[in-house]
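> take a look and give me a structure for this.
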Amino acid sequence: MNKLKIIRQTITSFCKEFIVHPYLCYTEHGQHALFYSKLFAALQEDQRYITCQQQKVCAIQKEYPTAAKLDKPRRQHWDIAVLQDDAIQYDYIKLLAAIEFGMNEAEEHLVEDIRRLEHPESNVENKFVVHLYRLSQSGQQFSGRDWSPGSSQINSGTGQRNL
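As a prediction, this is how the structure comes out:
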């Protein structure tokens with residue numbers, strides 16, 4: 001199976017598992033680590049590494065630097081990056097995919113993730129955004145980090161927005 005198909009399947013199963021078990025990770029960074037481990041396990045042995053300048057390199061990278069500043073003062077990082085197989089230069093490897101995560105984040109975070117991924121200098125072939133929300137009724141929260149379903153931070157989708 002090709003890497004892109006595996007990435008898509010892993011994202012789908014990851015999101016479905018989150019719906020059933022939203023408290024596996026306390027933070028968004030924990031979600032990155034959990035997703036990384038699931039994607040690594042899903043890849044076939046010969047897909048887990050690439051060769052770049054005669055060096056073995058893991059095909060999945062966490063917090064991988066962007067190739068450009070993307071209209072910011074300095075380079076950014078992709079939450080999860082999957083490197084192209086035909087890497088030539090180690091510091092600016094073309095990315096097969098980048099996955100940006102958010103957990104209980106406001107709409108601005110989502111819009112910024114999309115803007116960075118869509119930037120002409122993103123150096124990313126396949127772009128994914130995974131924003132997860134842990135919701136619980138006020139007074140019945142499992143975690144103080146949960147949001148209320150009626151939170152004003154959640155975009156209800158009733159208005160027109162260009163993302």
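> use CA for all of it now, contacts and neighbours both
Noted.
> list the buried residues of the helix or strand residue 36 falls within.
Residue 36 belongs to helix 28-42 when elements are defined using DSSP states H and E. By 16 or more other CA atoms under 10 Å, the buried positions in helix 28-42 come out as 28-29, 31-32, 35-36, 38-40, 42.
> redo the residues you listed as CSV? Include distance to residue 51 and pLDDT.
Converted to CSV, these look like this (distance: CA to CA, whole Å; pLDDT from 0 to 100):
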residue, distance to residue 51, pLDDT
28, 30, 95
29, 27, 96
31, 27, 97
32, 24, 97
35, 23, 98
36, 20, 98
38, 22, 98
39, 19, 98
40, 17, 98
42, 20, 98
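> which one of the residues you listed is nearest residue 104?
residue 28 (8.6 Å; CA to CA).
> now the closest one. Nearest residue, chain neighbours left out?
residue 103 (5.5 Å; CA to CA, 6 or more residues apart in numbering).
> which residues does the one you found contact?
Counting by CA atoms under 8 Å, 6 or more residues apart in numbering, residue 103 touches 27-28, 131-134.
> let's see that with 6 Å instead.
Contacts of residue 103 were listed using CA atoms under 6 Å, 6 or more residues apart in numbering, and they are 28, 131-133.
> adding secondary structure and distance to residue 88, write those residues out as JSON lines.
JSON lines is the format used below for those (DSSP: H, G, I helix; E, B strand; the rest coil; distance: CA to CA, whole Å):
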{"residue": "28", "secondary structure": "helix", "distance to residue 88": "32"}
{"residue": "131", "secondary structure": "strand", "distance to residue 88": "32"}
{"residue": "132", "secondary structure": "strand", "distance to residue 88": "35"}
{"residue": "133", "secondary structure": "coil", "distance to residue 88": "38"}
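> filter those residues down to the buried ones.
For these, a burial check counting by 16+ other CA under 10 Å picks out 28, 131-133.
> for this structure, which segments count as helices?
3-20, 28-42, 107-118 (DSSP state H).
> those helices: which one's closest to residue 94?
Of all the helices of the chain, helix 107-118 comes closest under CA to CA, at 13.2 Å.
> for that closest one, which positions count as buried?
110, 113-114, 116-117.
> just the mean pLDDT for that helix, thanks.
Helix 107-118 shows a mean pLDDT of 95.
> contacts only, for residue 102.
Per CA under 6 Å, 6+ apart, neighbours of residue 102: residue 131.
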